[in-house]
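S.K.: Here's my sequence, what's the structure:
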Amino acid sequence: MGVEMWGQLCARALRCRARAVRRDAGMVTSEYAMGLIAAVGFAGLLYKVVTSGQVRAALQAVVEKALDVQF
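M.R.: Next comes the predicted model:
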């Protein structure tokens, strides 16, 4: 097999791969829905953690300390 033929085969393989990537570029509706459900679940969990008593007290202490700085 010559170098020229090898180059043509490589170019053809790259074109095929590029077409396949374009076809698989986005999520289908079911994947989008599962991603959205996961994001909402994570947001709910994060909200519960941030609004818990210990975290709220820690955040309040940080803010009070920042506001108590002498200039």
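
S.K.: what's near enough to touch Val50?
M.R.: Val50 makes contact with 56, 59, according to Cβ atoms under 8 Å, 6 or more residues apart in numbering. Glycine gets a C-beta too; all of them are placed from N, C-alpha and C.

S.K.: How much space separates it from Ile37?
M.R.: Going from Val50 to Ile37 by Cβ to Cβ, to the nearest Å gives 21 Å.

S.K.: Okay, now the unreliable bits of the protein?
M.R.: Along the chain, segments meeting pLDDT under 70 span 1-6, 20-27, 71.

S.K.: show me where it has strands.
M.R.: Here the chain has no strands by DSSP state E.

S.K.: Just give the number of residues close to Gly53.
M.R.: For Gly53, the tally of surrounding residues (other Cβ atoms under 10 Å) stands at 7.

S.K.: right, I mislabeled it, should have said Gly44
M.R.: Gly44 has 10 neighbours, counted by other Cβ under 10 Å.

S.K.: how close does it sit to Thr51?
M.R.: Gly44 is 11 Å from Thr51, by Cβ to Cβ.

S.K.: Over to Leu45?
M.R.: Using Cβ to Cβ, we find Leu45 at a distance of 11 Å from Thr51.

S.K.: can you list residues touching both of the two?
M.R.: Here Leu45 and Thr51 share no contacting residue, scored by Cβ under 8 Å, 6+ apart.

S.K.: any idea how far Ala33 is from Val40?
M.R.: The gap separating Ala33 from Val40 is 11 Å, by Cβ to Cβ.
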